[in-house]
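Asker: pasting the sequence and the predicted model now:
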Amino acid sequence: VLARAEEFEKTSRLTTWRTADENFDWGSNRNLANRGRVLLAAYEETGQGRFLGAALAQVNYIFGQNPFFLSYVTGVGAIFPRNMHHRLQIAARKTRPTLTLPGFLVGGANADAEEAELSSARGPRKYRDSEASFETNEFAIDNNAALIALLGRLNGVTIKQRQSFFDRGEASEQDVDFDH
């Protein structure tokens, strides 16, 4: 795990959008979420903040720190995919044309996408918000599984950090308003 995390952290430092993968293969958002999980495991093992920072960078990319300033999760954020390639959404739009099913992580940029509309796009810009774009805008359960696992593990890390903060006597629960 540590060897892979070292590789992912280095890649994250060297890429424009701090992604831990520069290839943008099919399901690139799923790949970034999974690499974020490896980076968090390395952080938990070593306590080195650079791994946590790189893991957070994957979350940031997925939720809008990317070339489109787009959250790749439908219904989340100010700008998100509205035309996901999802058969239920496509069918439901026959009676509700503006419907966007919320909470789905779409695949993301795909360097190998063969759509004519994407022929000149490269790397993280090779994405299209279109129902027809199954190569970049398709939902798959493993996309969401990877993101949920990453966010769940990240939440666990922050809970441990918060507890450590209190254990060191640096604050009491009265000092921190967890509701705001």
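Answerer: Done, it's in.

Asker: contacts only, for the residue lying closest to A57 once chain neighbours are set aside.
Answerer: In space, and not counting its chain neighbours, A57 is closest to R18: 3.7 Å by C-beta to C-beta, 6 or more residues apart in numbering. Yep, even glycine has a C-beta here, placed from its N, CA and C like the rest. Applying C-beta atoms under 8 Å, 6 or more residues apart in numbering, we find R18 in contact with S12, A54, A57, Q58, N60, Y61, Q65.

Asker: now restrict these to buried residues only.
Answerer: Those of the contacts of R18 that meet the buried threshold are S12, A54, A57, Q58, Y61, Q65, by 16 or more other C-beta atoms under 10 Å.

Asker: same for the helix or strand hosting V157, what does it pack against?
Answerer: Here V157 sits within helix 141-167, counting by DSSP states H and E. Judged by 3 or more C-beta pairs under 8 Å, 6 or more residues apart in numbering; DSSP states H and E, helix 141-167 is in contact with helix 28-46, helix 49-62.

Asker: follow-up on the earlier one: let's have the buried ones among the contacts of R18 in TSV, adding pLDDT and distance to T158.
Answerer: Compiled in TSV, these are given as follows (pLDDT from 0 to 100; distance: C-beta to C-beta, whole Å):
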residue	pLDDT	distance to T158
S12	97	19
A54	96	16
A57	97	16
Q58	98	15
Y61	98	19
Q65	97	19
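
Asker: biggest separation within those residues, which pair?
Answerer: Using C-beta to C-beta, these span at most 13.1 Å, a distance reached by A54 and Q65.

Asker: so R4 touches V38, yeah?
Answerer: Yes - at 5.4 Å, R4 counts as touching V38 under the criterion of C-beta atoms under 8 Å.

Asker: settle it for me: which of the two has more neighbours?
Answerer: The neighbour count for R4 versus V38, taken as other C-beta atoms under 10 Å, is higher for V38 (22 against 14).

Asker: dump the residue contacts of that one.
Answerer: The contact partners of V38, by C-beta under 8 Å, 6+ apart, come to V1, R4, A5, F8.

Asker: surely the third one and A42 touch.
Answerer: Translated: A5. Yes - contact criterion C-beta under 8 Å: A5 and A42 qualify, at 3.3 Å.

Asker: so how far does stretch 75-87 reach from one end to the other?
Answerer: Stretch 75-87 stretches 17 Å from its first residue to its last (C-alpha to C-alpha, to the nearest Å).

Asker: in that stretch, what counts as buried?
Answerer: Within stretch 75-87, the residues that qualify as buried are V76, F80, P81, N83, M84, H85, H86, counting by 16+ other C-beta under 10 Å.

Asker: do stretch 16-35 as well
Answerer: 17-21, 24, 26-35.
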